[in-house]
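# give the three-dimensional model of this entry:
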Amino acid sequence: MTKGNLTNKHEAVINALKKEHLTSFQILNKVKSISLILVVYTIIDELKKMGLIKSYIKEDIKYHYCIA
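Numbering: from 1, shown residues only. Next up is the predicted model:
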């Protein structure tokens with residue numbers, strides 16, 4: 001999958017992360033087209049491999065953010 005070949009779910013996660021840094025659970029709650037946390041984890045991994053998002057840990061909580 002390339003940067004130009006994003007699914008609607010990929011785009012929804014990216015749009016949510018453009019607004020603010022979020023945890024995986026917060027992404028699940030904001031993106032209504034995703035109903036399972038495992039799907040969120042898969043999408044996050046795919047977007048990281050594409051170089052579109054990054055993550056960091058603050059106070060033992062992992063946050064994700066968009067760099068694109």
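# quick one: the strands in this structure, in order.
Applying DSSP state E to the chain gives strands spanning 53-58, 61-66.
# packed most tightly, which of those strands would that be?
strand 61-66 (a mean of 15; mean count of other CB atoms under 10 Å). The way it works is simple: take the backbone N, C-alpha and C, and place the C-beta from them, glycine included.
# dump the C-alpha coordinates for it into PDB.
The C-alpha trace of strand 61-66 is given here as PDB (Å, rounded to 0.1, in the frame of the first residue of the first chain):
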ATOM      1  CA  ILE A  61       0.400   6.600  27.900                       C
ATOM      2  CA  LYS A  62       1.200   6.100  24.100                       C
ATOM      3  CA  TYR A  63       0.000   9.000  21.900                       C
ATOM      4  CA  HIS A  64      -0.100   9.100  18.100                       C
ATOM      5  CA  TYR A  65       0.200  12.100  15.800                       C
ATOM      6  CA  CYS A  66       0.200  12.900  12.100                       C
END
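# run the chain-centre distance for it.
8 Å (CA atoms, centre = their mean, to the nearest Å).
# what's the answer for stretch 60-68, then?
8 Å.
# centre of the chain to the edge, which residue is at the far end?
Largest separation from the mean C-alpha position in the chain: residue 59, at 19.6 Å (CA atoms, centre = their mean).
# measure that one to residue 19 for me?
If you measure residue 59 against residue 19 using CB to CB, to the nearest Å, the figure is 21 Å.
# with residue 35 instead?
21 Å.
# just residue 37 next, same as before
20 Å.
# again with residue 56
For residue 56, the distance to residue 19 - CB to CB - is 17 Å.
# same question for residue 62.
18 Å.
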